[in-house]
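# okay, here's the prediction I keep looking at, along with the sequence it came from:
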Amino acid sequence: MDGSVILIYAPIDAAAARYPRPPLGLLYLGTVLQDQGIFPQLFDFQHQDTSWKGVEAAVARAERCLVGFYCDSENIFRVLNLSDRLLSRYPHVRIVLGGPHVAHVWEPYVTENRTVVRGEGEYPLLLLAKFYLADEGTLPDIPGIVYLQDGRLQANPISLGPYEDINHLPIPDYSLLPRKDSYYPVLMTARGCPYKCFFCSEGHGDHAYRPRSIQNVEQELLSLKVFFNDNLPYLSFADDVFTVSAQRVHDMCDIMDRHFPDKTRFGFFCEGRVNILAEYPELIKRLKCAGLLRLQIGIESGDQRMLDKLNKGFRVEQIEKVVAVAYQEQIPSIYGNFMCGLPGQTEKDIEKEITFAKHLVDLAPGRLEVSMTVLTPYPGTEYRINASRWGLTIVDHDFITGRMATDSSFIETSYLTRRQIEYLCEHFKSEVEAYSLEKAAVSLSSQEIKELFMLTAERSLPIVLVQKLSQLDHARWILHLRSRENHRFLFELPDHLRTAGSPLSVVSNKVVQFGETFLVNKYSAMEFELTQDEMQVYQYFSGKLNFGEIAQRVSSERSLTRDCALRKCMDVYLKCEDHLAAIVLL
Ligand code: B12
Ligand code: SF4
């Protein structure tokens with residue numbers, strides 16, 4: 001073959017994440033091509049090592065070049081921009097677009113040199129690559145593509161070829177990614193979704209739900225185990241719904257237990273569905289034992305009429321049950337989403353949603369994180385296709401005037417303008433967040449808060465409570481220090497290491513004396529008091545002396561036995577650690 005294939009993921013905010021998620025779709029496409037002897041280059045703009053110059057250099061080097069872009073409804077205009085740039089500078093380039101946006105809207109994007117692939121792209125892209133780079137086959141024979149023929153749009157019927165059987169897909173090859181070690185692992189055990197919520201484009205079309213066999217998923221788990229050196233602190237299942245059936249959940253948990261019995265080196269995230277988890281609540285315990293760290297559920301609303309309008313297929317009481325059981329089973333982090341701008345929803349309804357969300361927080365204080373997103377009429381959804389039937393007016397079909405990820409509204413309803421929807425969404429979030437933080441502060445022990453910090457620092461769990469606490473200077477410092485190898489909390493250390501560690505106070509310069517009392521972290525949410533006696537110990541928490549050495553000094557200064565001095569020293573330290581004001585330096 002005389003040319004190359006370049007695959008590009010270009011989100012609009014390519015803020016280089018420390019551990020980005022692999023662009024799984026492109027990874028599958030690249031691996032399939034590679035298996036067939038076509039070696040693609042993958043440029044992921046989430047990664048700081050990726051530059052546009054690099055893309056252009058790769059294009060310029062190739063004799064023939066097929067450049068494929070991932071397109072969602074958020075980045076489509078950026079993609080058009082970038083592809084126009086390539087087409088104007090490099091006449092030998094052909095562009096192909098794929099992804100969830102163009103799976104449903106393709107007409108505006110197809111040109112002489114730009115083709116669209118609808119739906120799953122593995123088989124069509126393989127045939128397109130052979131066509132453009134090696135003159136093999138013809139366009140009419142390539143399934144799922146939309147192209148121009150004699151100036152007319154031609155949309156070929158979809159077929160997935162050998163990949164109709166999902167088990168024939170290869171295991172995604174992480175080595176296609178730039179600096180593969182800096183990504184965190186993602187695994188998808190099925191394509192599509194068996195449900196049809198009206199705000200979502202999943203579950204519609206020819207290939208609604210295709211699960212992989214358990215053996216096939218097991219192979220991928222094993223390959224991840226080898227690739228990540230038997231250390232998968234936070235595996236993210238990318239399935240739309242991981243809990244499709246009780247049997248499948250049991251089977252998945254069995255293979256996780258078999259290959260990752262040590263849960264200190266393995267944990268995972270998944271999306272659960274309320275109806276299944278409420279019907280089989282024992283699954284939550286099973287998932288927890290297998291290493292579940294964060295469970296996401298789509299709540300959407302606490303109003304049964306709304307749930308029915310959304311075609312959710314579950315009841316309000318089932319939401320309550322799932323949240324309560326997840327709390328009982330001590331799932332470290334539970335995330336639930338509500339929706340704003342629903343058909344018929346009024347300002348008063350949002351107030352009721354706030355009350356319901358707070359009630360859920362009461363069922364799982366410190367563990368449940370609640371958020372809200374604005375109903376967005378994505379292409380392919382019932383609410384876009386039949387908007388007026390639902391009393392929705394789409395005010396911006398192309399989503400140009402805002403950002404989905406930051407809850408811009410692109411609709412109006414019979415009761416709310418787009419700005420009211422945006423305002424109410426923010427209002428819900430700030431009310432519920434403040435309530436959740438307050439509940440967390442009184443319900444979680446300091447040990448539990450520290451454990452949540454560790455989950456964030458070590459396993460990259462996106463827990464909002466920790467993010468909020470981390471906005472406090474010293475909490476941020478603790479989190480930062482804790483991510484380094486030589487800083488630990490005392491409770492994490494085995495007994496024999498405790499006296500060897502040196503306590504390091506995080507904000508020792510913020511101590512104010514009032515008579516016999518010393519206030520540490522004065523004027524902050526984490527203010528606490530030390531007595532004069534305790535202060536005399538605290539002054540040594542500079543990271544220069546270890547606990548043994550401090551105890552030695554305290555013992556001679558106060559004529560105490562060494563054991564007694566050590567106990568005093570530890571007590572003062574723990575008080576500081578409980579207020580996120582100290583950490584042990586090893
Ligand atoms: C995991 C996930 C996330 C993760 C990670 C996203 C990521 N970029 O990896 C998180 C939680 C961060 C996330 C966030 C959001 N997500 Co999301 N997410 C998903 C989910 C469930 C899985 C993605 C995945 O890995 N798919 C697996 C791969 C194999 O499929 P694929 O990417 O579609 O690729 C295949 C085809 O599309 C095609 N293809 C893709 N690219 C290309 C390129 C070429 C050249 C070709 C030929 C073919 C092709 O071939 C691929 C292989 O078959 C999808 C739903 C889904 N089932 O896909 C939603 C989905 C992508 N998310 C969606 C949305 C709306 C969001 C948010 C805006 C939600 C919000 N309000 O905040 C944010 C936006 C974040 C952002 N800017 O990326 C929508 C997008 C709808 C749209 N029209 O754009 C989806 C489709 C869900 C839905 N049905 O509504 N999401
Ligand atoms: S919202 Fe979730 S459960 Fe509903 S159709 Fe979409 S992916 Fe499936």
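Structure received. Ligands and ions are numbered 1, 2, ... in the order given.

# name the nearest residue to the residue most central in space within the chain, sequence neighbours excluded.
Taking C-alpha atoms, centre = their mean, the centroid of the chain lies closest to residue 462, which sits 7.1 Å from it. Sequence neighbours aside, residue 456 is the residue nearest to residue 462 in space, at 7.6 Å (criterion: C-beta to C-beta, 6 or more residues apart in numbering). Placement of C-beta: from N, CA and C, glycine included.

# count of residues packed around the one you found?
Residue 456 has 21 neighbours, counted by other C-beta atoms under 10 Å.

# next one: residue 60
12.

# before we move on, what about residue 406?
Neighbour number of residue 406 under other C-beta under 10 Å is 10.

# secondary structure class for it?
What DSSP: H, G, I helix; E, B strand; the rest coil gives for residue 406 is coil.

# which residues of the protein lie near ligand 1?
Counting by C-beta under 6 Å from any ligand atom, the chain comes close to ligand 1 at 11, 21, 23-26, 28-29, 68-70, 72-74, 96, 98-101, 117, 120-122, 125, 188, 200-202, 238, 240, 373, 378-379, 404-405.

# confirm for me that residue 345 is in contact with residue 411.
No: taking contacts as C-beta atoms under 8 Å, residue 345 lies outside contact range of residue 411: 11.1 Å.

# buried ones in the longest helix seen in the chain?
Scanning the chain for the helix with the most residues, using DSSP state H, yields helix 418-443. By neighbour count on 16 or more other C-beta atoms under 10 Å, the buried set for helix 418-443 is 418, 420-425, 427-429, 431-433, 435-437, 439-440.

# what's the helix or strand just after that helix packed up against?
Per DSSP states H and E, the first helix or strand lying C-terminal to helix 418-443 is helix 446-459. Using 3 or more C-beta pairs under 8 Å, 6 or more residues apart in numbering; DSSP states H and E as the contact test, the elements touching helix 446-459 are strand 232-237, helix 464-470, helix 473-482, helix 562-578.

# any idea how far the closest residue to residue 90 other than its chain neighbours lies from residue 330?
Spatial nearest neighbour of residue 90, excluding adjacent residues (C-beta to C-beta, 6+ apart): residue 59 at 5.2 Å. Applying C-beta to C-beta, to the nearest Å, the value for residue 59 to residue 330 is 52 Å.

# how about residue 539?
39 Å.

# quick check on those two: which one has the bigger neighbour count.
Each of residue 539 and residue 330 has its neighbours counted (other C-beta under 10 Å); residue 539 has more, 14 against 11.

# what lies in contact with the strand or helix carrying residue 223?
Per DSSP H and E: residue 223 is located in helix 214-227. Contact with helix 214-227 is made by 166-167, 171-172, 174, 185, 187, 189, 232, 235, 248, 251-252, 255-256, 259-260, as judged by C-beta atoms under 8 Å, 6 or more residues apart in numbering.

# would you mind checking these for buried ones?
Listed as buried from those are 166, 171-172, 174, 185, 187, 189, 232, 235, 248, 251-252, 255-256, 260; burial here means 16+ other C-beta under 10 Å.

# tell me which strands and helices whichever strand or helix holds residue 533 is in contact with?
Assigned by DSSP H and E, residue 533 belongs to helix 532-538. With contacts taken as 3+ C-beta pairs under 8 Å, 6+ apart, helix 532-538 sits against strand 517-520, helix 547-558, helix 562-578.

# that helix - what's its average pLDDT?
Model confidence over helix 532-538, given as mean pLDDT, is 92.

# cool, stretch 140-160 as well?
Mean predicted lDDT for stretch 140-160 stands at 96.

# what distance separates it from the middle of the whole chain?
Computed by C-alpha atoms, centre = their mean, to the nearest Å, the separation of stretch 140-160 from the middle of its chain amounts to 35 Å.

# what of stretch 501-521?
Distance, centroid of stretch 501-521 to centroid of chain: 37 Å (C-alpha atoms, centre = their mean).

# mind checking the end-to-end distance for that stretch?
End-to-end span of stretch 501-521 (C-alpha to C-alpha, to the nearest Å): 23 Å.

# show the average pLDDT along that stretch.
81.

# ok, and what's touching that stretch?
Applying C-beta under 8 Å, 6+ apart, the contact partners of stretch 501-521 are 473-474, 477-478, 481, 487-488, 490, 493, 522, 524, 527-532, 534-535, 538, 540-547, 550, 573, 576, 579-586.

# contact partners for residue 44?
Contacts for residue 44 (C-beta under 8 Å, 6+ apart) come out as 8-9, 20, 22-23, 26, 50, 177-178.

# same question, residue 585
486-487, 501-504, 543 are the contacts of residue 585 under C-beta under 8 Å, 6+ apart.

# can you add distance to ligand 2 and neighbour count and give the residues you listed back as CSV?
Shown next, in CSV, are the contacts of residue 585 (distance: C-beta to the nearest ligand atom, whole Å; neighbours: other C-beta atoms under 10 Å):
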residue, distance to ligand 2, neighbour count
486, 43, 9
487, 40, 18
501, 47, 21
502, 50, 19
503, 48, 26
504, 46, 19
543, 49, 17
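
# closest one to residue 156 out of the residues you listed, please.
Taking C-beta to C-beta as the measure, residue 156 sits nearest to residue 487 out of the contacts of residue 585, at 58.1 Å.

# related to what we said a few turns ago, so which of the contacts of helix 214-227 belong to helices?
Per DSSP H, those map to helices at 248, 251-252, 255-256, 259.

# redo those as TSV? Include pLDDT and distance to residue 383.
Listed next are those as TSV, based on pLDDT from 0 to 100; distance: C-beta to C-beta, whole Å:
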residue	pLDDT	distance to residue 383
248	98	29
251	98	35
252	98	32
255	98	37
256	98	36
259	97	41
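
# among these, which ones lie close to ligand 2?
Okay, of these, nothing touches ligand 2 (C-beta under 6 Å from any ligand atom).

# hang on, the earlier thing: buried deepest among the helices and strands packed on helix 446-459, which one?
Mean neighbour count (mean count of other C-beta atoms under 10 Å) peaks for strand 232-237 among the helices and strands packed on helix 446-459, with a mean of 21.

# what packs against it?
For strand 232-237, the packing partners by 3+ C-beta pairs under 8 Å, 6+ apart come out as strand 186-187, helix 214-227, strand 266-272, helix 446-459.

# need the winner for burial among the ones you listed.
Among the helices and strands packed on strand 232-237, strand 266-272 has the highest mean neighbour count (mean count of other C-beta under 10 Å), at a mean of 23.

# give me the sheet partners of that strand and which way each runs.
Next to strand 266-272 in the sheet, as set by DSSP bridges, lie strand 232-237 (parallel), strand 292-300 (parallel).

# bridging residues for the closest residue in space to residue 535 that isn't next to it in sequence?
Excluding the flanking residues, the one nearest residue 535 by C-beta to C-beta, 6+ apart is residue 518, at 4.7 Å. When assigned by DSSP bridges, residue 518 has beta-bridge partners residue 513, residue 530.
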